[in-house]
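Enquirer: output the structure for:
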Amino acid sequence: MTPPTTPHPQNFARQAWFDGTARRPEGLSLVSRRNVLKAGLAGIGGLTLPGLLQHEQSAHAGLKTDPSNGKSVILLWMAGGPSHIDTWDPKPDRPVNNRGPFDVIQTKQPGTLICDRLPLMADRLDKFSILRSVDCRGSSHQPNMVMQTGNREAAPRTNPKGDRYPSHGSIVAKHCGPVRPGMPPYVAFQTHPTHIGYAGWLGKQYDPFIANNAAKLPIYTNVGKDTGRTSGADVFQLPSGLNLERLKNRQNLVADFDQLRRDLDLRGSMDAVDSYRAQAVDLLVGRRAQEAFDLSRESDETRAKYGKHLWCQQALLARRLVEAGSRFVTLDLSYHPASGTWDNHGDNIPPYGGISRGLGPLLPLFDHLITTLVDDLEMKGLLDNTLVIAMGEFGRTPNMGTQGSTDGRNHWPVVMSMALAGGGLTHGQTIGSTESDGGAIQSRPITPGDLSATIYRYFGVPLGTTYEDERNRPRYIVEDGQPIAELFS
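Expert: Purely as a prediction, here's the structure:
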């Protein structure tokens, strides 16, 4: 297993200024005017709202896409790396040590079999595309950056600058902005910062809006046990001493911020607050974002359809967010903050387990989640404008028995499978294939860059678009990649 790593350096500043942790001691803690002032800013700066507004206006200032196209992405991030052989690329005729403990099932795609633990997907596979030949060499986890950026160099374990490559969600936030004003363009529900792609060289104003505390959600332990407690939706709560009347009084608010700016050396951290302070108040007291995160506004029937599980509640929120106007929503489908719950090495390493005890319980839950989400998007008329992507960092080894287990599988970045639905793309197909044991790509290799090019073409972002690194050198948003032609045919 991979032990937890230290969050990215840029996240320490972000935690203090934008995640509402002003009261949390930083190293050697002193009661100082600086920390008192930071605490005073927690109610506004801690919401990331000014930064979100800067996302929107910056995006529209140099807009390369039509914000009215309404397109969005929901990324179901299976943190840890799901086994391709035990999900979407089964090998039923192979010896048991290779094929695994599960059976197979026929699907709505003639001739395509998948794992029998995914019967709901099998019954709807005409709405999905399965990619069986994704070459994810270079990808690792914690941080999980290669597949979320489309760049093999985005590997902080081997490249000191690996965390600087911007994620798909951040690129989309910059060049598309939200579908509707008042919504964060890039939203993530994360179990750990190293599971989610950030903005890197684009600037932290394009980091995801971390939504864990924006809605009332069940709290789970790192082994997937429901504690019976619920998180508070405290992101939109006003801090002590502030009320709507005072927030609406622009002159008082401006005076407060000006006084704080005279006393603080923020090194650019509050640039967004300075330019967008008034708009931040509008968003804070506005209703679009608050209503999008309010699950109580859904019917009892819809909430029951998704179910009470944490991930399923987040999936319902993802639908609500794209419906309200967010562009890119990522769900970190992991209980564990380390390498991820789908990291099924072996039975003797809780909570990961092997294939039977680790992956086995996850598949029916995932099957329900993804099919409920796709069905609901379709019923709401949102599926053609919402691309659902389900994937992890890499596949798993062809043979079982890693780390002393009976049926665990190790990391296998040589090849993985992933699933897509919606977005108005061409589905009902399986793209690519692997060798008879699932250990190598046999046909139609798909690179991380191909995935990037596909996402950006879907959004209408020109593939020749660049951004600047720390030396002001231009870098392309797509390197070594072309859109997956079969999806656009």
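Enquirer: who are the contact partners of Asn410?
Expert: Neighbouring residues of Asn410 by CB atoms under 8 Å, 6 or more residues apart in numbering: 345, 396-397, 402-403. C-beta here means a position set from N, CA and C on the backbone, and glycine is covered the same way.
Enquirer: just the ones in helices from the residues you listed, please.
Expert: Judged by DSSP state H, those include no members of helices.
Enquirer: which of the residues you listed lies closest to Gly358?
Expert: Among the contacts of Asn410, His345 lies closest to Gly358 (CB to CB), at 8.1 Å.
Enquirer: hmm, Tyr352 and that closest one touching each other?
Expert: Yes: between His345 and Tyr352 there is a contact under CB atoms under 8 Å: 5.6 Å.
Enquirer: ok, which stretches of the stretch 1-150 of the chain are helices?
Expert: 9-18, 33-41, 49-61, 96-99, 119-123, 146-149 (DSSP state H, counting those that start in this stretch).
Enquirer: of those helices, which shows the lowest average pLDDT?
Expert: The minimum mean pLDDT among the helices of the stretch 1-150 of the chain belongs to helix 9-18 (a mean of 34).
Enquirer: where does the prediction get shaky in the protein?
Expert: Across the chain, the ranges flagged by pLDDT under 70 are 1-68, 237-286, 351.
Enquirer: could you pick out the longest helix of it?
Expert: For the chain, the helix that runs over the most residues, judged by DSSP H, is helix 360-379.
Enquirer: that helix - contacts with which helices or strands?
Expert: Packing partners of helix 360-379 (3 or more CB pairs under 8 Å, 6 or more residues apart in numbering; DSSP states H and E): strand 72-77, helix 119-123, helix 300-306, helix 310-324, strand 386-391, strand 416-422.
Enquirer: Ser139: which of the ones you listed is closest?
Expert: In terms of CB to CB, the element of the helices and strands packed on helix 360-379 nearest to Ser139 is strand 416-422, at 8.3 Å.
Enquirer: following the closest one, which helix or strand shows up next?
Expert: Using DSSP states H and E, the helix or strand that follows strand 416-422 in sequence is strand 429-431.
Enquirer: show the contacting residues for Gln442.
Expert: Gln442 neighbours (CB under 8 Å, 6+ apart): 133, 432-435.
Enquirer: which SSE is it in?
Expert: Per DSSP H and E: Gln442 is located in strand 441-443.
Enquirer: what pairs with that strand, parallel or antiparallel?
Expert: Applying DSSP bridges, strand 441-443 is found paired with strand 433-434 (antiparallel).
Enquirer: distance from the partner strand to the middle of the chain?
Expert: Distance, stretch centre to chain centre, for strand 433-434: 27 Å (CA atoms, centre = their mean, to the nearest Å).
Enquirer: rewinding a little: among the contacts of Gln442, which two are most distant?
Expert: Greatest spatial distance among the contacts of Gln442 (CB to CB): Gly432 and Glu435, at 11.6 Å.
Enquirer: the more surrounded of these two?
Expert: In terms of neighbours (other CB atoms under 10 Å), Gly432 is the more surrounded of Gly432 and Glu435; the figures are 21 against 13.
Enquirer: quick one, phi/psi of the more buried one?
Expert: phi 80, psi 170 (degrees, to the nearest 10).
Enquirer: can you tell me the SS state at the most centrally placed residue in the chain?
Expert: What sits nearest the mean C-alpha location of the chain, by CA atoms, centre = their mean, is Thr330, with 2.4 Å. Three-state call for Thr330 (DSSP: H, G, I helix; E, B strand; the rest coil): strand.
Enquirer: coming back round to it: tell me which of the contacts of Asn410 is nearest to Tyr458?
Expert: Set against Tyr458, the nearest of the contacts of Asn410 by CB to CB is Arg396 (28.3 Å).
Enquirer: quick one: residues in contact with the longest helix of the chain.
Expert: With CB under 8 Å, 6+ apart as the test, helix 360-379 has contacts from 74, 76, 78, 82, 86-87, 101-102, 115, 117-121, 124, 127-128, 224, 302, 305-307, 309, 311-312, 315-316, 318-319, 333, 341-342, 353, 383, 386, 388, 390, 419, 421-422.
Enquirer: and it, what's buried?
Expert: 360, 362-363, 365-374, 376-378 (16 or more other CB atoms under 10 Å).
Enquirer: what's the most distant pair in the residues you listed?
Expert: For the buried residues of helix 360-379, the maximum inter-member distance is 28.6 Å, found between Gly360 and Glu378 (CB to CB).
Enquirer: picking that back up, going by neighbour count, which of the contacts of Asn410 comes out on top?
Expert: Result: Arg396 is most packed of those (other CB under 10 Å), 31 neighbours.
Enquirer: verify the stated contact: that residue with Pro82.
Expert: Yes: at 7.5 Å, Arg396 counts as touching Pro82 under the criterion of CB under 8 Å.
Enquirer: quick one, which of the contacts of helix 360-379 are buried?
Expert: For those, a burial check counting by 16+ other CB under 10 Å picks out 74, 76, 78, 82, 86-87, 102, 115, 117-121, 124, 127-128, 224, 302, 305-307, 309, 311-312, 315-316, 318-319, 333, 341-342, 353, 383, 386, 388, 390, 419, 421-422.
Enquirer: surely Gly191 is in contact with Leu331?
Expert: Actually, residue 191 is Thr rather than Gly. No: under the criterion of CB under 8 Å, Thr191 is not in contact with Leu331, lying 9.9 Å apart.
Enquirer: more neighbours, those two?
Expert: More crowded of Thr191 and Leu331, by other CB under 10 Å: Leu331, with 28 against 23.
Enquirer: ok, that one to Asp163 distance?
Expert: Separation of Leu331 from Asp163 (CB to CB, to the nearest Å) stands at 21 Å.
Enquirer: residue ranges for the strands of the stretch 101-250 of the chain, please.
Expert: In the stretch 101-250 of the chain, the strands defined using DSSP state E, counting those that start in this stretch lie at 104-106, 113-115, 128-134, 186-189, 209-210, 218-220, 226-230.
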